[in-house]
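Asker: need a structure here:
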Amino acid sequence: MTALETLKRYFGYDGFRSGQETLIDGILAGKDVLGVMPTGAGKSICFQIPALMTDGITLIVSPLISLMKDQVNALTQSGIPAAFINSSLTGWQIDKALQNARNGAYKLIYVAPERLLAPDFLQFAQSIKISMLTVDEAHCISQWGQDFRPSYSKIPEFIASLPKRPVLSAFTATATSKVREDIAALLGLNEPIVLITGFDRKNLYFEVQKPKDKYAALTAFLSNKKENSGIVYCSTRATVEEVCEKLKKDGYNSSRYHAGLLDSERHDNQDDFLYDRVKIMVATNAFGMGIDKSNVSFVVHYNMPKDMESYYQEAGRAGRGGEPADCLLLYSGQDVRTNLWMIENNKDVEYPDKETEELLKERDRKRLREITFYCATNDCLRGYILKYFGENPPNYCGNCGSCSTNFETADITIDAQKILSCVARMRERYGIKMLTDVLRGSKSEKVLRLGLDKLSTHGISEKTDKQLREIINQLILTGYLIKTDDEYPVIKLGERASEVLRGGGTVQMKLSKEKPQPEISKKQFSVKQIDNRLFAALRELRFAIANEQNVPAFVIFPDSTLIDMCLKLPATKAELLSVSGVGQVKLERYGERFLKVIATHAT
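Answerer: Sure, this is the predicted structure:
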């Protein structure tokens with residue numbers, strides 16, 4: 001069987017997505033590969049197809065139990081023999097799985113990095129033919145990555161212990177050039193084929209809001225989404241508890257996930273979400289890596305994440321099946337202070353020495369500045385994300401909060417001169433609030449006590465507090481001002497300040513002409529109309545089969561496959577096989593039942 005025939009037989013797709021064939025061909029030719037592909041681009045296919053076409057076993061190093069379980073469930077449903085080895089299994093179960101593997105029962109084995117050097121697993125690995133070692137979420141091996149895991153540093157030692165070096169493949173969704181170099185060097189990839197398919201997820205709608213009341217903004221967003229599946233990310237356990245409790249009281253079918261819960265509750269809550277018994281998961285960033293749930297229609301960040309890599313990875317859990325999905329970030333200045341505190345007090349990271357500690361903390365502070373700029377910009381949000389990852393996108397995408405807002409370009413040179421002069425006269429010693437108070441002529445006790453009312457810039461601006469903050473953020477974003485990374489940030493003059501103060505330069509900024517009224521659900525990303533009654537009936541059948549098989553519904557078929565059924569209305573098994581996502585095994589297992597539902601609705 002060719003790679004394309006294997007794809008159709010087991011996964012039900014007629015063609016490869018961008019980049020998949022290049023990586024598959026490279027692996028089959030015995031070359032190491034590094035694939036950087038956004039969430040939903042089909043990374044798994046790139047190593048699963050070669051695994052089925054080569055002798056021996058493919059080992060996949062994976063960081064999370066939930067990811068392994070979902071992948072193995074999906075493979076098993078497609079007729080592919082697979083297993084996982086991790087801490088969720090008993091010693092007897094691990095022994096049994098390894099014995100089955102020795103007897104040729106599996107083509108793919110998922111393994112936690114912590115297990116690689118365990119004596120029993122090491123002995124097993126040295127006694128069998130390993131055709132390929134795949135490292136999923138490969139950015140976890142780099143200290144420069146957003147989710148460094150020390151256990152990943154054991155992978156090279158494991159590879160070196162094998163009697164014969166297998167083909168190595170590594171995959172990640174978000175990696176800057178520095179992280180890509182680190183992955184290749186640390187894993188010892190041998191002249192790898194490096195493929196970067198691009199980071200754009202055209203089906204995702206991005207928006208940033210700066211509400212006074214975050215919970216009110218969240219419920220306004222969720223008001224027409226009670227039946228939709230989504231994730232609400234919060235930065236702390238306390239916020240998760242608070243938001244989840246409020247949502248439950250307001251009638252939302254929600255659950256919670258954070259590291260402070262018992263393992264059993266985390267596991268049960270996650271399963272409730274995966275199996276669609278719960279619609280909304282309120283969670284810290286401890287939730288979600290590798291969650292292969294195709295019907296997540298929105299991701300809300302109740303708090304700003306620590307960096308763009310984390311944000312894009314978490315937001316990317318929406319719309320995995322290709323359908324339109326919403327990514328909303330609710331920003332406040334407190335988010336910056338919370339993240340700065342977490343950078344300085346992170347107990348989960350062990351630094352080898354003080355110099356490395358300061359180097360990595362400075363890296364984290366720089367990343368925090370980058371995502372703060374994202375929250376402040378009025379330029380295309382998708383463009384900002386893609387530029388961060390090294391791409392050169394157009395300035396307009398038509399599918400983000402900035403592009404859907406009515407902006408006009410205004411000359412803010414005079415306002416910039418007033419602000420920069422005030423910062424200079426305040427000797428670069430105060431934060432944004434004091435700066436805006438002085439510019440607007442505040443007579444507060446603190447302003448009077450510090451004598452700031454005597455400055456020539458006191459009361460010099462007629463702008464509102466909100467307008468001044470927007471302009472100050474723009475000046476920070478464009479290098480005219482600097483905001484320090486202290487617990488209590490101070491505003492200082494940036495490198496470009498002299499251009500305006502002494503050089504006669506001009507400053508322009510995009511300002512909204514009117515209060516925007518975005519309707520996030522009305523996106524320019526087109527979707528073909530389908531029979532909603534038939535779609536609901538197919539989903540009901542899928543849910544019933546999933547319960548019978550004790551797997552999440554998306555493991556049976558993703559929403560995109562059900563939508564294709566609604567569009568093509570197959571009447572025979574041969575026609576059903578032409579539906580995207582219907583392979584030979586699932587056709588034989590479930591084909592008659594789906595055809596019956598389609599026939600019932602066609603009459």
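Asker: so what are the domain limits for the protein?
Answerer: Structural domains of the chain, as assigned by automatic domain parsing, span the residue ranges 3-196, 204-388, 408-512, 532-602.
Asker: tell me the contacts of Asp276?
Answerer: Ser229, Asn295, Phe543, Pro552, Ala553 (CB atoms under 8 Å, 6 or more residues apart in numbering). Glycine gets a C-beta too; all of them are placed from N, C-alpha and C.
Asker: where does Ala101 fall, secondary structure wise?
Answerer: Using DSSP states H and E, Ala101 sits within helix 91-102.
Asker: just checking: what are the partner strands of the helix or strand following that helix?
Answerer: On the C-terminal side of helix 91-102, the closest following helix or strand by DSSP H and E is strand 108-111. With DSSP bridges as the criterion, the sheet partners recorded for strand 108-111 are strand 57-61 (parallel), strand 82-85 (parallel).
Asker: what's the weakest-modelled helix or strand in this protein?
Answerer: Of all regular secondary-structure elements in the chain, judged by mean pLDDT, DSSP states H and E, the least confident is strand 508-512 with a mean of 76.
Asker: am I right that Phe148 falls within a strand?
Answerer: No. Judged by DSSP: H, G, I helix; E, B strand; the rest coil, Phe148 forms no part of a strand; its state is coil.
Asker: Leu328 reaches Phe221, doesn't it?
Answerer: Yes. Using CB atoms under 8 Å, Leu328 is in contact with Phe221, at 5.9 Å.
Asker: between these two, which is the more surrounded one?
Answerer: The neighbour comparison of Leu328 against Phe221 (other CB atoms under 10 Å) goes to Leu328, with 25 against 20.
Asker: next secondary structure after the helix or strand encompassing the more buried one?
Answerer: Assigned by DSSP H and E, Leu328 belongs to strand 325-330. Beyond strand 325-330 in the direction of the C-terminus, DSSP H and E gives the next helix or strand as helix 333-344.
Asker: for the closest residue to Pro558 other than its chain neighbours, report the pLDDT, please.
Answerer: Of all residues not flanking Pro558 in the chain, Ser294 sits nearest, at 3.8 Å (CB to CB, 6 or more residues apart in numbering). Model confidence at Ser294, given as pLDDT, is 80.
Asker: closest one to Ser127 among the strands paired with strand 108-111?
Answerer: strand 57-61 (11.1 Å; CB to CB).
Asker: can you list the weak-confidence ranges in the stretch 501-603 of the chain?
Answerer: 503, 512-528, 603 (pLDDT under 70).
Asker: picking up where we left off before, distance between the least confident helix or strand of the chain and the chain's centre?
Answerer: Centroid separation for strand 508-512 versus its chain: 29 Å, with CA atoms, centre = their mean, to the nearest Å.
Asker: okay, the domains of the chain in CSV with distance to Tyr396 next?
Answerer: Putting the domains of the chain into CSV (distance: least, CB to CB, whole Å) gives the following:
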stretch, distance to Tyr396
domain 3-196, 20
domain 204-388, 6
domain 408-512, 12
domain 532-602, 27
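Asker: wait, which of the ones you listed is closest to Pro394?
Answerer: domain 204-388 (6.8 Å).
Asker: and the closest one, how far out from the chain middle?
Answerer: On the basis of CA atoms, centre = their mean, the separation between the geometric centre of domain 204-388 and that of its chain is 9 Å.
Asker: what's the end-to-end length of it?
Answerer: End-to-end distance for domain 204-388: 17 Å, by CA to CA, to the nearest Å.
Asker: give the contact list for Ala173.
Answerer: Val36, Met37, Pro38, Thr39, Ala41, Lys43, Tyr312, Gln313, Gly316.
Asker: also Ser444?
Answerer: Residues near Ser444 by CB under 8 Å, 6+ apart: Asp437.
Asker: and it, how far is that from Arg320?
Answerer: Look at Ser444 and Arg320: by CB to CB, to the nearest Å, they are 50 Å apart.
Asker: then Ser87?
Answerer: With distances taken as CB to CB, Ser87 is found 26 Å from Arg320.
Asker: what does Arg589 give?
Answerer: Following CB to CB, the distance that separates Arg589 from Arg320 is 23 Å.
Asker: same check on Ala175?
Answerer: For Ala175, the distance to Arg320 (CB to CB) stands at 19 Å.
Asker: comparing those two, which shows the higher neighbour count?
Answerer: Shown here are Ala175 and Arg320; by other CB under 10 Å, Ala175 has more neighbours (26 against 23).
Asker: in the stretch 451-600 of the chain, mark out all the strands, start to finish.
Answerer: Along the stretch 451-600 of the chain, the segments classed as strands by DSSP state E, counting those that start in this stretch run 481-483, 491-493, 508-512.
Asker: for the last one, packing partners?
Answerer: For strand 508-512, the elements it packs on are strand 407-411, helix 465-477, judged by 3 or more CB pairs under 8 Å, 6 or more residues apart in numbering; DSSP states H and E.
Asker: now do it and strand 407-411, the angle between them.
Answerer: Comparing the axes of strand 508-512 and strand 407-411 via axes from the mean of the first three to the mean of the last three CA atoms, to 10 degrees yields an angle of 140 degrees.
Asker: so what's the residue count around the residue lying closest to Ser161 once chain neighbours are set aside?
Answerer: Among residues not flanking Ser161 along the chain, Leu122 sits closest, at 6.4 Å (CB to CB, 6+ apart). The number of residues packed around Leu122, counting by other CB under 10 Å, is 16.
Asker: what about Leu122, distance to Leu116?
Answerer: Computed as CB to CB, the Leu122 to Leu116 distance reads 7 Å.
Asker: now do Leu439
Answerer: Note on Leu439: its distance to Leu116, by CB to CB, is 59 Å.
Asker: for Phe557, same thing?
Answerer: As judged by CB to CB, Phe557 and Leu116 stand 34 Å apart.
Asker: of those two, which one has the most company?
Answerer: More neighbours surround Phe557 than the other of Phe557 and Leu116, with 29 against 22 (other CB under 10 Å).
Asker: doesn't Gly583 make contact with that one?
Answerer: No. If you go by CB under 8 Å, Phe557 and Gly583 don't touch, sitting 10.4 Å apart.
Asker: low-confidence regions, the stretch 1-150 of the chain specifically.
Answerer: Counting by pLDDT under 70, the stretch 1-150 of the chain has low-confidence residues at 146.
Asker: residue ranges of the helices in it, please?
Answerer: Counting by DSSP state H, counting those that start in this stretch, the segments of the stretch 1-150 of the chain that form helices are 3-11, 20-28, 43-53, 65-77, 91-102, 119-125.
Asker: neighbours of Lys568, how many?
Answerer: Summarising burial for Lys568: neighbours were counted as other CB under 10 Å, giving 14.
Asker: surely Leu501 meets Gln417?
Answerer: Yes. Contact criterion CB under 8 Å: Leu501 and Gln417 qualify, at 6.8 Å.
Asker: strand partners (parallel or antiparallel) of the least confident helix or strand of the chain?
Answerer: In the sheet containing strand 508-512, the strands it pairs with under DSSP bridges are strand 407-411 (antiparallel).
Asker: check the offset of the partner strand from the chain's centre.
Answerer: Centre-to-centre, strand 407-411 and its host chain are 32 Å apart (CA atoms, centre = their mean).
Asker: how about the closest residue to Thr478 other than its chain neighbours, phi and psi?
Answerer: Sequence neighbours aside, Arg496 is the residue nearest to Thr478 in space, at 7.0 Å (criterion: CB to CB, 6+ apart). Dihedral angles of Arg496 (phi, psi; degrees, to the nearest 10) stand at phi -90, psi 0.
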